[in-house]
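K.L.:
Starting from these lines, generate the structure:
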Amino acid sequence: MGYLRSGMGRSLARPDSDQPSGVYYHGYSGTTFDIELSDQGMLHRIQREG
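P.N.:
Modelled structure (predicted):
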């Protein structure tokens, strides 16, 4: 099986205007994921406690 047929390969797509920006907090690791979509592209920020 090639990469494009794997689960990871099928999960990737170009960002488009239909995808919302958002913030997700993962309590177990104390990590905040912030995803922001703009005309320039998609920005990912990851911040860990500690």
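K.L.:
Residue 28 belongs to a strand, doesn't it?
P.N.:
No - checked against DSSP: H, G, I helix; E, B strand; the rest coil, residue 28 lies outside a strand; its state is coil.
K.L.:
how near is it to residue 6?
P.N.:
26 Å (Cβ to Cβ, to the nearest Å). Just so you know, the C-beta spots here come from the backbone N, C-alpha and C atoms, and that holds for glycine as well.
K.L.:
Settle it for me: which of those two has more neighbours?
P.N.:
residue 6 (10 against 5; other Cβ atoms under 10 Å).
K.L.:
And the more buried one, its phi and psi?
P.N.:
phi -80, psi 170 (degrees, to the nearest 10).
K.L.:
Tell me which stretches of the chain form strands.
P.N.:
Here the chain has its strands, by DSSP state E, at 22-26, 31-38, 41-48.
K.L.:
Paired strands for the shortest one, with orientation please.
P.N.:
Pointing back at strand 22-26 there. strand 31-38 (antiparallel) (DSSP bridges).
K.L.:
quick one, the strand it pairs with and strand 41-48 angle?
P.N.:
170 degrees (axes from the mean of the first three to the mean of the last three Cα atoms, to 10 degrees).
K.L.:
Can you give me the neighbour number for the nearest residue to residue 9 once chain neighbours are set aside?
P.N.:
Among residues not flanking residue 9 along the chain, residue 3 sits closest, at 4.6 Å (Cβ to Cβ, 6 or more residues apart in numbering). For residue 3, the count of nearby residues is 9 (other Cβ under 10 Å).
K.L.:
low-scoring stretches of the protein, by residue?
P.N.:
1, 14-17, 50 (pLDDT under 70).
K.L.:
Check the gap between the residue nearest to residue 9 and residue 44 for me.
P.N.:
Taking Cβ to Cβ, one finds residue 3 at 21 Å from residue 44.
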